Structure formats: structure tokens, C-alpha cells
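Chemist: need a 3D model of the following:
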Amino acid sequence: MFAKPVADKIYNLILSWIIVSALFFINSRRGFVDLQADRYAALVILVAIAAVILIWLLINMIESQRNIRLFMIGFSTVYAAAAVALDSDELLALGLCAVMGIIILITDTKDIQPEIGKKSFRNTALVLSLLFIAVVSCNSSLIIINHWAPNFDFGIFSQMFHYMKETGIPFTTCERDMLLSHFAVHMSPIYYVLLPFYCLFPSPVTLETLQAIVVVSGVIPLILIMKRHSLGRGSMMLFTLMYVLFPGFAGGCFDHLHENCFLAPLVLWLIYFSEKELWYGQAIFAILTFAVKEDAAIYVAAISLFFLFTRKNRLVNLIIFVVSVLYFACITHYLTINGDGVQMWRYGDLLINGDGPLSILVTVITNPIYVLKQIFVAGKLKFIFMTLLPMGFLPLITKDFRRPILMIPLLLVNLLPSIEYQYSMHYHYCFGSCAMLIYMAIINYADLPQVHRKKLLIYGACCSIIMCSCVNYGDFKYFKFFNSSTETREEIDYAVSQVPKDASVAAGTYFVADFADHETVYDLDSTENEADYYVLDLRFDEDDYDVNDFLNDNYGVIYYNPDVVGVFKNLRK
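Modeler: Okay, the predicted model is just below:
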């Protein structure tokens, strides 16, 4: 026991203190992050010191210091993840990630090299993927079943898929308060990929499950890319963990259905075929990526531009780059003329010289300091750290000046826009840009010396767990509330069932999805149209409508509970 080096004894003492502090806080009635007075403070201190010494002596009796170091990393990560799960404080999570960096820095990782067999790696990756699908789809489904999914972004897609199933056309009435193709708002024919599955199982729950499957399917091209770069199975396992636990992926799914979910796997497949220089694979996945959304051309352009400078098939990448630019120009022009227009208002702070993409370019060229001022604000800086910490900052560690090209989508999609949604882990704007960052982490890791890269990868995996716990744990409240809301849920189900299937409906935003199979359904929070029936959500205080406006001779009361739901028939029609 006493033959251990002094450095190991000090290391073990730190571990002992962490264990004791965790035990004390676990026993705390208020949780990990609250302070409570104790009348026996002196006694508590003595007990804590005695416990630290006892645990320290026991730890020193363990012969393998390697196992102690592994336990230190694992226990500290779990301790930090549990703390931020209870508090959901993103700044606390960043601080604990910094502490984990110190712990890993003082930990000798030379002999920490997990031996993972081919079968074990395959099974572990499969289990992680299935867990992602199960947890994300179940939680998202509970949101729908409990009538907590809003019109944006779920009610519109529920109705859209019903129309696609019945007519083949992505019509909605609840997106722009009129019968309109969703493709007039966003050009997203990629949704037809999901349609056959929806036709087999026509339920809103099917859509949430399919989204989780789509996102986690990116693990397949991720593994193929890692194999091309000759990564060991231990490293591949940690990168797979990074992908599955990346907080923006689950967070984006919890923001309900969105076409952006396709970007994560598609950009990785495009990168894989670009690395292999297989033009037909590049062409197929470039086209599929174009089909996601009008601005998805940004990802294709950035990837093709990168490989234009790094691969021999320059002509293919040049053609794809030119096509990307032309497609973006044409599709934005089409939406401006024939659709709902391009949502340039997202870049409001940069639209100084006009209202189009060229105006942003002029601002970037003529006033770069102003542009940087828009990026380096508190919310976006926090987003940058929350993005890079789960990757161990590996995307930044390179001497290759060409690789930052892959960060162009992060800049254009997440950092330049003015609205908070674009730089939040809780919305669906991280899928494409962050998948590309994970690729950057892989290729930079492959170039680094063994002595440096191992700590960075371990650090990234630990931060993935901490940040995932901070960002996503709060979304699991729906598991907790499901049983407690049974009576309310059943009452809403009954009220909704009283509306005839052939009637037009104006419903509160959280009830729109319940009427997705109606030919006409409007979002009551914003509609200016009349409907046959009105379904009011009375669980929350609403500024957009007042139930008293419906308690008169113009409306018949079909069902009414002033604390839950009201269903009224329009007698004026």
C-alpha cells in the first residue's frame, strides 16, 4: 500500500474526496447543487475527513493503479452528469466539463487502451443505437399521446403526411392558415422516403419513431469513415458514443418532426463516398441532401469544396459544387416567386444593404468586425462550447488550412442567424453542421500523435455524457408525468372524439395533431378563418383566445371543462 509513488497517493486522495462528496450530496434532501445548513457541521467535517482517509486507505490497497484511474474517470463523469441532470444548468455543465479536463489531464492514460473485439464493438454500437431509438421515440411519443406536441413543428407534419397518404401531395391547412403545399414553405421532397412506412402504420407516433431511426442511422457511415482512417475499435467505440449522445441530436428530435433530421446521416454518406471518390455515390447523396430543404445545398457545397482541394477527382467535386450553388439560387428564386419566400428574416442583423443572400455577403465583406460582433455574443459562445466539448475540441486541432471549410455550415446555419433557435441544442438546426464537425474530429484525431489524441478522445466522451445529461435529461419529464396525467389525457381524448371526422376544426396548438386526419384544421392560436368546431386548450393561460368568447348563443357546448378542454360547435355556419 505504502509502496505506491507519491503522485499516485495524491491522485487516490483526490478520488477519495470525490467519492465522499458524492455520497454526501446523494444523501442530501435538496440534491447535488443546493447548500443546506447542518447543526452538526463540526461533526460532519470530522466524519467526512474520516471517510476520506478510510476510502483512501482502501483504494491504496488496490494493486492496479490502472483500474483506479479508470474508476476515477468513470465515477467523476457519472457524478458530474448526475449533478447537471438535477439542475439543467448549462453553465454549470460547462464548468464541470472544465473540471473533467483537469482530472483527465492529471490522469496517466498510457495504459488505458480497452481491447474490444469485432463482435463486441458491433454489438455495443447496435445496443447504443437501439437505446437511442427506444428512448427518443418513446419520450417523443409520450409527448404526442399527452397532447403536448404543438402545431409547429408537429401538427403541420401530421396533417401533411395524412394528405400525402390520401392524395400524394403534401398539403396542410394549419401551416399558413390556408390549403397550401408544405413545399411552398420548404422544399423537402425527402419526406416521401418516410411515406411508405407511414402508410403501413398511419400514426403520429410512427413519424417520431422514424425520425429517431433516421438520425441514428448516421452511425453506419460514421463507422465506415472511421474504418477508412484505420481507427482502432476502442476509438471507434468512443466516437460512436459521441455521435449517439451528442446533445443536439436527441434535443433536435425532442423538438418534434423536422426534415433536418435527414442531414446527419446524409452528409456523412456524402463524405464517405467523397472520400472513396465514387462519383455515383456522391451524386446520389448530393441529390438526396438537396431534397431535404432549400438551404441543404450549403452542406453539399461545403463538402464538395473541401474535397475539391483534397481529392484527385476534382472535376466531380467541382461539378457538384457548381450544381449546389445553382440549385440554391434556383430553388430560393422559385420559393420567392411561387411559394412563401425564403426566410431571410433569420439573418435580420446582417441584412443592412438589402433583404437577400447578396446583402449578407456584402455585410461580411465590408464590415467583418460587425459580423464577428454578431457571433461573439453570450448565447452563441455557450453554443460553441457545448458543441465542441462533446468532441474534445478535436475539430479545431489541425494544421490543415483546408479543413475549416467543413465549418462553413456551422457558421451560416448556426452562428450568423439572429434567432436563438438556430444556436440551441434544443432545436433541429444542429444535425448537419454537427455531423460534419464529428467528421472533422475523426480526421483530426487520426492525424494526431498517440500520446495526445487519447486524452482528447476520452475527454470528449466524458463531456458527451455530461452535456447530454444536462441538455436532454429535462426532456424525460414526460416519462414521469405520463401516469400523473392519465385522467386529463383521457378527458381530452374523449373531448376530441366528439368532433365529426368531416368537420373543419380550429384547435389550440397542442390539439392540432389530434385532427391531422381532417381535411381542414386550423391553429386556433393564429387563425383568422371560421370553422365548424372549436377545440380550446384550457390547461394553460392563453392570450390568443378567450373561452368566454365561445360561451354564448353563437356556439353550442359539446364538451366543457374550464380547467382542461372545451369543444364548441359553430352555430353560425
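Chemist: quick one: the helices in the stretch 101-250 of the chain, in order.
Modeler: 118-145, 156-167, 195-200, 204-216, 219-228, 233-245, 247-254 (DSSP state H, counting those that start in this stretch).
Chemist: quick one: mean pLDDT for the first one?
Modeler: With pLDDT averaged residue by residue, helix 118-145 scores 93.
Chemist: ok, for residue 133, nearest residue in space, not its chain neighbours?
Modeler: residue 212 (4.6 Å; C-beta to C-beta, 6 or more residues apart in numbering). Heads up, the C-betas are built off the backbone N, CA and C, glycines and all.
Chemist: just the strands in the stretch 301-450 of the chain please.
Modeler: Using DSSP state E, counting those that start in this stretch, no strands are assigned anywhere in the stretch 301-450 of the chain.
Chemist: which of the helices of the stretch 101-250 of the chain sits closest to residue 450?
Modeler: With C-beta to C-beta as the measure, helix 233-245 is the member of the helices of the stretch 101-250 of the chain nearest residue 450 (10.3 Å).
Chemist: pick the most deeply packed of the helices of the stretch 101-250 of the chain.
Modeler: Ranked by mean neighbour count under mean count of other C-beta atoms under 10 Å, the helices of the stretch 101-250 of the chain are led by helix 247-254, which reaches a mean of 26.
Chemist: give me the contact list for that one.
Modeler: 132, 135-136, 139-140, 143, 208, 211-212, 215, 243, 258, 260-261, 264, 386-387, 390, 424-431, 434, 464, 467-468, 470-472, 475 (C-beta atoms under 8 Å, 6 or more residues apart in numbering).
Chemist: average pLDDT across the very next helix or strand once past that helix?
Modeler: Later in the chain than helix 247-254, the nearest helix or strand by DSSP states H and E is helix 263-276. Averaged across helix 263-276, the pLDDT comes to 97.
Chemist: related to what we said a few turns ago, closest one to residue 95 among the helices of the stretch 101-250 of the chain?
Modeler: When the helices of the stretch 101-250 of the chain are compared by C-beta to C-beta, helix 247-254 sits nearest residue 95, at 16.2 Å.
Chemist: can you say which of the helices of the stretch 101-250 of the chain is nearest to residue 279?
Modeler: Proximity to residue 279 (C-beta to C-beta) singles out helix 219-228 among the helices of the stretch 101-250 of the chain, at 17.0 Å.
Chemist: which residue packs closest to residue 522, ignoring adjacent ones?
Modeler: residue 506 (4.4 Å).
Chemist: residue contacts, residue 416?
Modeler: By C-beta under 8 Å, 6+ apart, the neighbours of residue 416 are 347, 350, 360, 371, 374, 375.
Chemist: list phi and psi for it.
Modeler: phi -80, psi -30 (degrees, to the nearest 10).
Chemist: separation between it and residue 351?
Modeler: 11 Å (C-beta to C-beta, to the nearest Å).
Chemist: same question for residue 339.
Modeler: Separation of residue 339 from residue 351 (C-beta to C-beta): 20 Å.
Chemist: now do residue 540
Modeler: Here the distance between residue 540 and residue 351 works out to 34 Å (C-beta to C-beta).
Chemist: between those two, who's got more neighbours?
Modeler: Of the pair residue 540 and residue 351, residue 351 is the one with more neighbours under other C-beta atoms under 10 Å, namely 18 against 8.
Chemist: circling back to that earlier point, give me the common contacts of residue 416 and residue 351.
Modeler: Applying C-beta under 8 Å, 6+ apart, one finds that residue 416 and residue 351 are jointly contacted by residue 360.
Chemist: so residue 535 sits in a helix?
Modeler: No: assessed with DSSP: H, G, I helix; E, B strand; the rest coil, residue 535 is strand; it does not lie in a helix.
Chemist: distance check, residue 558 against residue 499.
Modeler: According to C-beta to C-beta, residue 558 and residue 499 sit 8 Å apart.
Chemist: same drill for the two, tell me which one is more crowded.
Modeler: Under the neighbour definition other C-beta under 10 Å, residue 558 and residue 499 were set side by side, and residue 499 has more, 25 against 15.
Chemist: the more buried one contacts residue 535, correct?
Modeler: Yes: if you go by C-beta atoms under 8 Å, residue 499 and residue 535 touch, sitting 6.7 Å apart.
Chemist: so what sits against both of the two?
Modeler: Taking C-beta under 8 Å, 6+ apart as the criterion, residue 499 and residue 535 both touch 505, 515, 567.
Chemist: show me the shaky parts of the stretch 51-200 of the chain.
Modeler: 114 (pLDDT under 70).
Chemist: could you break this structure into its assigned domains?
Modeler: Per automatic domain parsing, the structural domains of the chain span 6-105, 221-342+376-447, 485-570.
Chemist: what's the end-to-end length of the first one?
Modeler: When you say that, I think you mean domain 6-105. 17 Å (C-alpha to C-alpha, to the nearest Å).
Chemist: and if you look at the longest one?
Modeler: Distance between the two ends of domain 221-342+376-447: 20 Å, counting by C-alpha to C-alpha.
Chemist: and the pLDDT at residue 435?
Modeler: On pLDDT, residue 435 comes in at 97.
Chemist: that one contacts residue 269, correct?
Modeler: No: at 10.2 Å, residue 435 does not count as touching residue 269 under the criterion of C-beta under 8 Å.
Chemist: which of these two has more neighbours?
Modeler: Neighbours per residue (other C-beta under 10 Å) separate residue 435 from residue 269, with residue 435 holding more: 26 against 23.
Chemist: find residues that contact each of residue 558 and residue 499.
Modeler: Residues touching both residue 558 and residue 499 (C-beta under 8 Å, 6+ apart) are 533, 567.
Chemist: can you give me phi and psi for residue 278?
Modeler: When read as degrees, to the nearest 10, the backbone of residue 278 gives phi -100, psi 100.
Chemist: circling back: tell me which of the helices of the stretch 101-250 of the chain lies nearest to residue 71.
Modeler: So among the helices of the stretch 101-250 of the chain, helix 233-245 is nearest, using C-beta to C-beta, at 17.5 Å.
Chemist: now for the closest one, which elements pack on it?
Modeler: helix 118-145, helix 219-228, helix 431-447, helix 450-472 (3 or more C-beta pairs under 8 Å, 6 or more residues apart in numbering; DSSP states H and E).
Chemist: these: which one's closest to residue 91?
Modeler: helix 450-472 (9.7 Å).
Chemist: need the mean per-residue confidence for that closest one.
Modeler: When pLDDT is averaged over helix 450-472, the result is 92.
Chemist: residue 556: which element?
Modeler: Assigned by DSSP H and E, residue 556 belongs to strand 555-561.
Chemist: what angle sits between that strand and strand 533-537?
Modeler: 30 degrees (axes from the mean of the first three to the mean of the last three C-alpha atoms, to 10 degrees).
Chemist: sheet partners, orientation included, of the next helix or strand after strand 555-561?
Modeler: On the C-terminal side of strand 555-561, the closest following helix or strand by DSSP H and E is strand 565-570. According to DSSP bridges, strand 565-570 forms sheet pairs with strand 533-537 (antiparallel), strand 555-561 (antiparallel).
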